[in-house]
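> coords please:
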Amino acid sequence: MMEHSNKRFVSIRIVVFLILILVGITGIGLYVENQVRFNRALSQTMDRLGEAIDLLHEIELNYYQLRLDVTPEPAQALQDFRRRIDEFDAIVLEIRQALRSTGQRKGFVSISGQLEQEFQELHDDVHLLETSWETLHDKLVGNWVRVDQLPEVNERVFQQSFQFIHDRLTTINSILSRSLNAHLKKIHTTALFSVLLALILIPLFYRITVRPIVQTYRRLDEAESRYRTIFSMFPNGIILLNSRLEVLDANPAALTMAGVQDFQQIKGMRVDTFVEESFRPLLQNMVNTIRTQKFLKNQRIPVTTRNGRKRLLVFDFIYLESSGPEPMIVANVVDMTEQESIIHRNLDYQIQLEKSLMKQVVEKKESETRYRILFESIKDGILILDKYFRIIHSNPAGTQLLDGSRRKKILGKTIGEFVADADAWEAFASQLRRKRHPVEAELEFVRASGEKFVAFIRGQAFRYPDRKDKNYLILIYDITQRKVHEKERQELQEQLRQAQKMEIVGQLAGGIAHDFNNLLTGIKGFCEFGMMKVPPDSKEYLFFQKINIAADRATELTKRLLAFSRQQPLNMKVVDLNEIVQEHIHFIRRVIGEQIELLVNLTEDKTTIKADPVAIDQILTNLTINARDAMPEGGKLIITTSCVQINEDYSRVHQWIKPGNYVMITVTDTGVGMTKEVQQRIFEPFFTTKEVGKGTGLGLSMVYGLIKQQQGVIHVYSEPGKGTTFRIYFPRVDKTPQPLDEGLPPEGIAGSETILVVEDDDLVRELMVEMLRMYGYRVIEAPNGEAAWNMFQEEKDLKVDLIIADTVMPLQGGQWLRERISNVHPEIPFLLISGYLGKEEQDQLLSQQESEFLSKPFNPVDLVARVRSLLDKARKKS
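Now for the predicted structure:
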């Protein structure tokens, strides 16, 4: 539903955005179109004005023809002269009317008055032409006269009128031309501004409005995908209901409990259709309670599935006010059918005794003696209540359950006084009054001392033969321990799921780190080459140095990933844990600062373990940093070591550790502590409670991986405001510890021996070959273990002084090659290298010495020094 709502919201916003763009473009288009129509009208008017000027020239020509008597028919010419004057007058009137119709247009009002004045004067001048024509007409019509007989007309006035008319038409044409040019320029400017404005506003509007919406939708879509994955994989049943108890959604676990395989089979169905008719009013009461209290827990509801099976389900309800168009109820469902069956099997003997006892009490008063013996000997609590539910009899077990051994103190009290939840007792008592058959429930009781316990209670009404009032027989069975065991089992199951999840993430992290280690080996190695080739005071040397620093940081990150995934190559040796802690104390003091007090208490017992000293340092460093960050205002950091023995009983209760002898190191701080929820996730990679930029979330996950890789166990205990304690257990060994430092030969690492380099990564192989040849060694190459083995098979006299081989390669790795070469040439030493070790490779390397293994990425000089060291050792042995 959330996904559809988000899509609908984004669609509406995008549609509104497109409508706004369309309206803007339409408005600009209409404005430009209107301006174009206006300019077209002006152009047509100017065309008519040009026709008027041409006609004026014809009138002037006819006039002079008449005056000079160069026309064969003066009368006809005179009529043509009059017709042209009328045409000219009509054109001028048409132009004047057209300009008046556009005179009120914005931008044209300023020149309309000027044009009107010009047209008024033009009208007066045309009138002079008409007067001159009348004079010519009166004298010439009906007469054929010579030129010297032509009446004298005020030729100067006539010529001036022509000139005035021509000048005014020219003026009007100039005004209209300027106006037309101005409007054309305005259209161009407006269109250009509109385009520029659109080019600016549309991307800006998209950046401000649409892109955040799309990004928000993408994040919501990712959150919806994560929710759907968790929803589908959750082991408990999850059902989403509306206020009418209609099913809106359900996960696969809930479908299994409902006896269906497809959600469509129960979609829209009411939950009460699965419930017995008699239970439906109680279910409705639950709904009312959920609406009022917003949640309701531990509701045991018997249901009948779609395939007809009877099941007992326990519901936890949460009422959500704003999860959609209407409120929604989320139900967490646990199938208790099997657990209930176990309870009934465990209580079968007690129930049989109870039935026998109740039958004897009701039917035979004479069996009081047998009843009393049975009543007193049953280990479960038995109470007899009067009609007001007051206790009138109790066996010793019932007295012990409710108030120690003081029977008289509980007699006369109602049993409801010992029940923690009054509403739950009232519901049980109501059923007990109404029903004839036994009624069962799980209730929490409170002893007189205030101690609480959970009990399975079973009751039934009965009457003594000589009494009218009802009495009630109650059986109380303490199930507190069983509840504790169920909780521990659930916690163990959760730990198992967490371990499996971290194992999967670890495999992924290890694979990524393996590829990165090969790349980093090449980067660091050739960077070292570059630093050797340039002067130390050059810019190039500085550039190589910065590349090397960045590669070192990347190397540290891959080490953390490999440590978490338990695939980091380790140098396992027998060491004294106290000695490692003692050497690390000065570093711890620098890390925590002066405001934190450091207390160290090391046991005097022998603390020898098989571990990697560097890995132990990393574990202590990360736990120290974690403790420091938990005490921003100061506090105490306490580090202790001890030798402990875990027996079978302790291991049976705490299944996270196996029986045996351990050396335990404890790191305790007095900081802010952690909640249960945080404790369950602290070892997950990239999980951190620190602010962004202040933690990678890999510290404790690396601690977890390193401890597991060294066969150790870590346990954390913490409470908010009370600090945190980490206990780390390493298997204790009864051997003499080895020295912590085994130095490599500092000088004289050059040589001339023959080295076989077996490496599948071309870049890493090229680096090793070049470095070894630089120091004088003869080098043979092979891309994998199988190719190297074939060399020995094909060349029987092949002489090799040392073999360097990667442990993880296609077509057989270094371990495979070592096993075969050792059978044929046991004198050839091996140097195994790797940036990633699987479980099988780790087990094979646990017994090897440090001088036989080198982890990627490595310094090229360290590689040559290690080669020299192995060759010297081999020479001494021979």
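> and Gln388, which of the three is it?
If you look again at residue 388, you'll see it is Tyr, not Gln. coil (DSSP: H, G, I helix; E, B strand; the rest coil).
> and it, what does it touch?
Thr414 (Cβ atoms under 8 Å, 6 or more residues apart in numbering). Just so you know, the C-beta spots here come from the backbone N, C-alpha and C atoms, and that holds for glycine as well.
> please report how far it lies from Asn471.
Going from Tyr388 to Asn471 by Cβ to Cβ, to the nearest Å gives 10 Å.
> can you check Tyr319 too?
41 Å.
> helices along the stretch 751-878 of the chain, start to end?
762-774, 785-794, 814-824, 839-845, 860-877 (DSSP state H, counting those that start in this stretch).
> any chance of these in CSV, plus mean pLDDT, mean neighbour count and distance to Ile266?
Below are the helices of the stretch 751-878 of the chain laid out as CSV (pLDDT from 0 to 100; neighbours: other Cβ atoms under 10 Å; distance: least, Cβ to Cβ, whole Å):
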stretch, mean pLDDT, mean neighbour count, distance to Ile266
helix 762-774, 84, 18, 59
helix 785-794, 90, 17, 58
helix 814-824, 88, 17, 55
helix 839-845, 54, 14, 45
helix 860-877, 85, 17, 66
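> which of these sits closest to Pro737?
For the helices of the stretch 751-878 of the chain, the distance to Pro737 is smallest for helix 839-845, at 19.6 Å, taking Cβ to Cβ.
> right, and the helices of the stretch 751-878 of the chain - which one's nearest Val287?
Across those, closest to Val287 is helix 839-845 (Cβ to Cβ), at 53.1 Å.
> re the thing from before, the helices of the stretch 751-878 of the chain into JSON lines, with extra columns for distance to Asp380?
Formatted as JSON lines, the helices of the stretch 751-878 of the chain follow (distance: least, Cβ to Cβ, whole Å):
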{"stretch": "helix 762-774", "distance to Asp380": "72"}
{"stretch": "helix 785-794", "distance to Asp380": "69"}
{"stretch": "helix 814-824", "distance to Asp380": "62"}
{"stretch": "helix 839-845", "distance to Asp380": "51"}
{"stretch": "helix 860-877", "distance to Asp380": "72"}
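> out of the ones you listed, nearest to Trp656?
helix 839-845 (19.9 Å).
> of all the helices of the stretch 751-878 of the chain, which one is nearest Tyr477?
The nearest among the helices of the stretch 751-878 of the chain, by Cβ to Cβ, is helix 839-845 at 47.3 Å.
> on that earlier part again, indicate which one of the helices of the stretch 751-878 of the chain is closest to Ser225.
When these are compared by Cβ to Cβ, helix 839-845 sits nearest Ser225, at 32.3 Å.
> test my guess that Val808 contacts Leu832.
No: using Cβ atoms under 8 Å, Val808 makes no contact with Leu832, being 10.1 Å away.
> which of those two has more neighbours?
Leu832 (25 against 18; other Cβ atoms under 10 Å).
> who are the contact partners of that one?
Leu832 makes contacts with Ala805, Asp806, Thr807, Gly814, Gln815, Arg818, Leu845, Gln848, Glu852, Phe853, Leu854, as judged by Cβ under 8 Å, 6+ apart.
> ok, those residues vs Asp86, which is closest?
Of these, the one sitting nearest to Asp86 (Cβ to Cβ) turns out to be Asp806, at 111.1 Å.
> beta partners for that closest one?
Ile833 (DSSP bridges).
> show me the contacts for it.
Listed by Cβ under 8 Å, 6+ apart, the contact set of Asp806 reads Val758, Glu759, Asp760, Asp761, Val764, Gly813, Gly814, Leu832, Ile833, Ser834.
> one more pass at 7 Å, please.
Going by Cβ atoms under 7 Å, 6 or more residues apart in numbering, Asp806 touches Val758, Glu759, Asp760, Gly813, Gly814, Ile833, Ser834.
> any idea which of the residues you listed is closest to Arg219?
For those, the nearest to Arg219 is Ser834 (39.5 Å; Cβ to Cβ).
> burial of the closest residue to that closest one other than its chain neighbours, as a residue count?
Spatial nearest neighbour of Ser834, excluding adjacent residues (Cβ to Cβ, 6 or more residues apart in numbering): Thr807 at 4.1 Å. Look at Thr807: counted by other Cβ under 10 Å, it has 25 neighbours.
> surely Thr807 and Phe830 touch.
No: at 10.4 Å, Thr807 does not count as touching Phe830 under the criterion of Cβ atoms under 7 Å.
> what residues sit buried inside stretch 306-316?
Neighbour counts over stretch 306-316 (16 or more other Cβ atoms under 10 Å) mark Arg311, Leu312, Leu313, Val314, Phe315 as buried.
> which residues touch it?
Counting by Cβ under 7 Å, 6+ apart, stretch 306-316 makes contact with 257-260, 265, 297-305, 331-337, 340, all of which sit outside it.
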